[in-house]
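K.L.:
predicted model, plus sequence, below.
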Amino acid sequence: MNQQKIPATVITGFLGAGKTTMIRNLLSNTNGKKIALIINEFGDLGVDGEVLKGCGADNCTEDDIIELTNGCICCTVADDFIPTMTKLLERKQRPDHIVIETSGLALPQPLVAAFNWPDIRTQVTVDGVITVVDSAAVAAGRFADDHDAVEARRVEDESLDHESPIEELFEDQLTCADLIVLNKTDLLDTAGLGRVRDEVASRIARKPVMIEARNGEVPASVLLGLGVGTEDDVANRKSHHELEHEDGIAHDHDEFDSFVVELGPVVDPAAFVDSLKGIIGEHDVLRLKGFVDVPGKPMRLQLQAVGSRVDHYFDRAWAPGEARGTRLVVIGLHDMDEAVVRTAIEALA
Ligand SMILES: Nc1nc2c(ncn2[C@@H]2O[C@H](COP(=O)(O)OP(=O)(O)OP(=O)(O)O)[C@@H](O)[C@H]2O)c(=O)[nH]1
């Protein structure tokens, strides 16, 4: 690897796996390394950027955090990612390391391939692709289809070569990994974790290193400096999509949908969260996150739901002049009934 090139770490993993949490932790222990962060999110509410900007790390100031908000990075590489990288590389004070958080629905392959673009290739290299896995979700079978049902559908319709969009994406993100972080180990026992490890290994032909983590706590010395140069190996990490559509049919995210709900103040957060759990379960909401205005509280309540597991905590004070409000982004499969879910949530405040 050319030592002059700036190393870039790509962090991928399905919705809610713990990417932002891991990056927060990473920023607190980089031993002075100056980090530039590129964050990409699915849905029109920059929650991850907000969370990371709130870290106040000296080695990654608000200026060093760039949000890509025009859709999933894998589909906006040319229009969004490349110009952003070019601008970043023109800065007088170049970062020591670039960290890119992809959206939970992004395929990492097109992003890694972009590092072979002439302007980028000479200046930056992919230090490694790190795939964060929600071990509890794997154990609960969230990424496993009912294979008998899939086979039955295939027998009926030969053109159906797809597994579920979630399962496919999960495998594509694993396929691209140089390092796999089995996160959320606190939610499983040793035997359960062993089964997750076996299941993850069974889904990929390559054998990247797998480590375990709780709350994304992995030392920066483990995450940064893999030195792989992944852009030279994209041909061995093709996604389902690339394998099935070598003719160039564009990948899209039609299978997923998101919308933002804006509400007034929430007087009883505990009751609100309880009711949200019911709505999430009933309508198969995959991910819900945002901020809640609790009257009488100087702090903003951050709300994070991954499936029906909901975390909430006061993360920072509302800034002077900042409009208080409750804003939540809801993400689900495309058949989620937006009007019904929206109405149900709006009725809670
Ligand atoms: N129990 C448990 N919860 C965790 C762990 N790591 C992260 N979480 C929680 O999982 C939720 C999602 O974490 P994030 O870091 O936002 O996940 P993400 O992958 O960045 O999510 P998206 O960007 O929306 O795809 C938050 O409520 C975290 O507090 C863990 O190891 N154990």
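P.N.:
That came through fine.
K.L.:
just the strands in the stretch 201-349 of the chain please.
P.N.:
209-212, 256-263, 287-292, 299-306, 309-317, 326-333 (DSSP state E, counting those that start in this stretch).
K.L.:
quick one: neighbours of whatever residue of the stretch 51-200 of the chain ends up closest to the ligand, just the number.
P.N.:
Among the residues of the stretch 51-200 of the chain, Gly104 lies nearest to the ligand; the distance is 2.9 Å by Cβ to the nearest ligand atom. No exception for glycine: its C-beta is placed from N, CA and C like everyone else's. Neighbour count for Gly104, taken as other Cβ atoms under 10 Å: 28.
K.L.:
to Ala136, which of the strands of the stretch 201-349 of the chain lies closest?
P.N.:
Closest approach to Ala136 among the strands of the stretch 201-349 of the chain (Cβ to Cβ): strand 309-317, 7.7 Å.
K.L.:
would JSON lines of the strands of the stretch 201-349 of the chain with mean pLDDT be doable?
P.N.:
JSON lines is the format used below for the strands of the stretch 201-349 of the chain (pLDDT from 0 to 100):
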{"stretch": "strand 209-212", "mean pLDDT": "97"}
{"stretch": "strand 256-263", "mean pLDDT": "95"}
{"stretch": "strand 287-292", "mean pLDDT": "96"}
{"stretch": "strand 299-306", "mean pLDDT": "96"}
{"stretch": "strand 309-317", "mean pLDDT": "94"}
{"stretch": "strand 326-333", "mean pLDDT": "96"}
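K.L.:
could I get these as CSV with distance to the ligand and mean neighbour count?
P.N.:
What follows is these, written out as CSV (distance: least, Cβ to the nearest ligand atom, whole Å; neighbours: other Cβ atoms under 10 Å):
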stretch, distance to the ligand, mean neighbour count
strand 209-212, 10, 15
strand 256-263, 10, 18
strand 287-292, 5, 23
strand 299-306, 3, 20
strand 309-317, 4, 14
strand 326-333, 8, 21
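K.L.:
any idea of the pLDDT on the residue of the stretch 51-200 of the chain closest to the ligand?
P.N.:
Per-residue confidence for Gly104 comes out at a pLDDT of 94.
K.L.:
likewise Arg197?
P.N.:
pLDDT for Arg197: 97.
K.L.:
give the contact list for it.
P.N.:
182, 210 (Cβ atoms under 8 Å, 6 or more residues apart in numbering).
K.L.:
the one helix or strand it maps to close to the ligand?
P.N.:
Here Arg197, judged by DSSP states H and E, is contained in helix 190-202. No: if you take Cβ under 6 Å from any ligand atom as the test, helix 190-202 misses the ligand, and the best it gets is 11.9 Å.
K.L.:
off-centre distance for that helix?
P.N.:
21 Å (Cα atoms, centre = their mean, to the nearest Å).
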